[in-house]
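In: Dropping a prediction and its sequence here:
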Amino acid sequence: MKIVAMIPARFEATRFPGKLMKDLAGKSVIFRTYEATKSSNIFDEVYVVTDSTIIFNEIIENGGKAIMSKKTHESGSDRIAEAVKNLEVDIVVNVQGDEPFTQTKPLEKLLDVFKIDDKKKIDIASLMLEINEEDEINNPNNVKVVTDENNFAMYFSRSPIPYAREKSVATYFKHIGIYAFRKEALLKFTTLPINKLEATEKLENLRFLANGLTVKMVETNQIAIGIDTPEDLVKANAIFNK
């Protein structure tokens with residue numbers, strides 16, 4: 001089974017423009033993410049996929065592998081689907097470009113579900129983290145997920161789900177946006193139209209569920225540190241400089 005990691009990377013970002021090229025302890029954020037992903041040693045190949053010549057040159061000039069995206073895309077999943085279309089690969093992992101602290105163990109757990117899925121019932125796998133703080137639960141930037149008894153996703157939402165008539169009995173899980181796709185599921189995704197639920201919540205994972213793609217959720221207790229704001233970058237530099 002051939003497994004590749006794809007890191008979709010846009011130069012523009014609404015909350016923090018150009019964040020992937022910001023300095024993080026002497027290297028760019030995007031190259032730190034590339035290094036962290038590659039050093040996990042669990043992928044046959046690691047690529048950055050971008051429509052930016054700045055980011056493309058940053059990776060190539062530092063000895064990494066990058067693919068120039070030919071089209072504008074609605075999502076990172078669309079971007080990596082274009083990149084893998086003609087590659088011989090079984091599993092494609094979408095790693096966020098603004099997470100330079102990507103850790104190996106959660107990725108290994110994600111890939112393990114495919115290794116034991118002999119009947120290929122799993123189209124996509126992703127991570128979830130239990131959250132308990134009320135501010136975290138109610139924050140619309142934290143996507144919540146509910147699952148069935150076998151940990152297949154039933155719904156994703158920016159709202160607190162499930163709704164707790166009695167708060168003491170509710171368990172909440174935050175969706176961590178790292179996906180592992182079977183190649184055929186990823187390519188199918190790109191042919192599907194945006195549905196009402198996805199358009200309402202602005203969550204591409206609702207397109208998976210609305211069209212019958214199975215999403216296996218894997219619980220982790222390791223928190224990825226993303227860089228969404230200048231303040232996040234300051235914290236990240238402090239971690240690297242310890």
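Out: Great, that's in hand.
In: so where's the longest strand in the chain?
Out: Counting residues, the longest strand found in the chain (DSSP state E) is strand 172-182.
In: Give me the next element, helix or strand, following that strand.
Out: Downstream of strand 172-182, the next assigned helix or strand under DSSP states H and E is helix 183-189.
In: How far off centre is that following helix?
Out: 16 Å (Cα atoms, centre = their mean, to the nearest Å).
In: outside of it, which residues touch it?
Out: With contacts defined as Cβ atoms under 8 Å, 6 or more residues apart in numbering, helix 183-189 is touched by 77-78, 80-81, 84-85, 89-92, 123-124, 181, 207-208, 211, 213. For glycine as for every other residue, the C-beta is placed from the backbone atoms N, C-alpha and C.
In: cool, and stretch 139-149?
Out: Outside stretch 139-149, the residues that touch it by Cβ under 8 Å, 6+ apart are 128, 131, 136-137, 153-162, 172-175, 177, 203, 205, 217.
In: ok, which stretches of this structure are helices?
Out: 29-38, 53-61, 76-84, 104-115, 134-138, 183-189, 196-201, 205-210, 230-240 (DSSP state H).
In: I'd like the mean pLDDT over the third one, please.
Out: Looking back up the chat, that one is helix 76-84. The average pLDDT within helix 76-84 is 88.
In: what angle separates that helix from strand 172-182?
Out: Comparing the axes of helix 76-84 and strand 172-182 via axes from the mean of the first three to the mean of the last three Cα atoms, to 10 degrees yields an angle of 20 degrees.
In: Hmm, Gln160 is touching Glu133, no?
Out: Careful, residue 160 is Pro; it's not Gln. No - between Pro160 and Glu133 there is no contact under Cβ atoms under 8 Å: 11.7 Å.
In: Who has more neighbours out of those two?
Out: Neighbour count, other Cβ atoms under 10 Å: between Pro160 and Glu133, Pro160 has more, with 18 against 10.
In: In contact with the spatially most central residue of the chain: list those residues for me.
Out: By Cα atoms, centre = their mean, the mean C-alpha position of the chain lies nearest to Ile178, the distance being 2.6 Å. Shown in contact with Ile178 (Cβ under 8 Å, 6+ apart): Val93, Asn94, Val95, Gln96, Pro106, Leu107, Leu110, Ser126, Leu127, Ala224.
In: quick one on the thing from earlier: of the helices of the chain, which approaches Met6 most closely?
Out: helix 76-84 (3.9 Å; Cβ to Cβ).
In: Contacts for the closest one, please.
Out: With Cβ under 8 Å, 6+ apart as the criterion, helix 76-84 contacts 4, 6, 8, 47, 49, 51, 67, 69-71, 73, 92, 94, 96, 179, 181, 183, 186-187, 189-190, 204.
In: Buried ones among those residues?
Out: 4, 6, 8, 47, 49, 51, 67, 69, 73, 92, 94, 96, 179, 181, 183, 186, 189-190, 204 (16 or more other Cβ atoms under 10 Å).
In: Any regions of this protein where pLDDT drops low?
Out: The chain contains residues with pLDDT under 70 at 167, 223-224.
In: Please produce a ChimeraX select command covering the buried subset of the contacts of stretch 139-149.
Out: Selection of buried members from those for ChimeraX, criterion 16+ other Cβ under 10 Å:
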select :128,131,137,153,155,156,157,158,160,161,172,173,174,175,177,203,205,217
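In: Please give me every residue in contact with the nearest residue to Asp90 once chain neighbours are set aside.
Out: For Asp90, ignoring the flanking residues on the chain, the nearest one in space by Cβ to Cβ, 6 or more residues apart in numbering is Met1 at 4.7 Å. Residues in contact with Met1, defined by Cβ under 8 Å, 6+ apart, are Asp90, Ile91, Phe114, Lys115.
In: count of residues packed around the first one?
Out: If I follow you right, that is Asp90. 14.
In: Which residues are in contact with it?
Out: Applying Cβ under 8 Å, 6+ apart, the residues near Asp90 are Met1, Lys2, Ile3, Arg182, Lys183.
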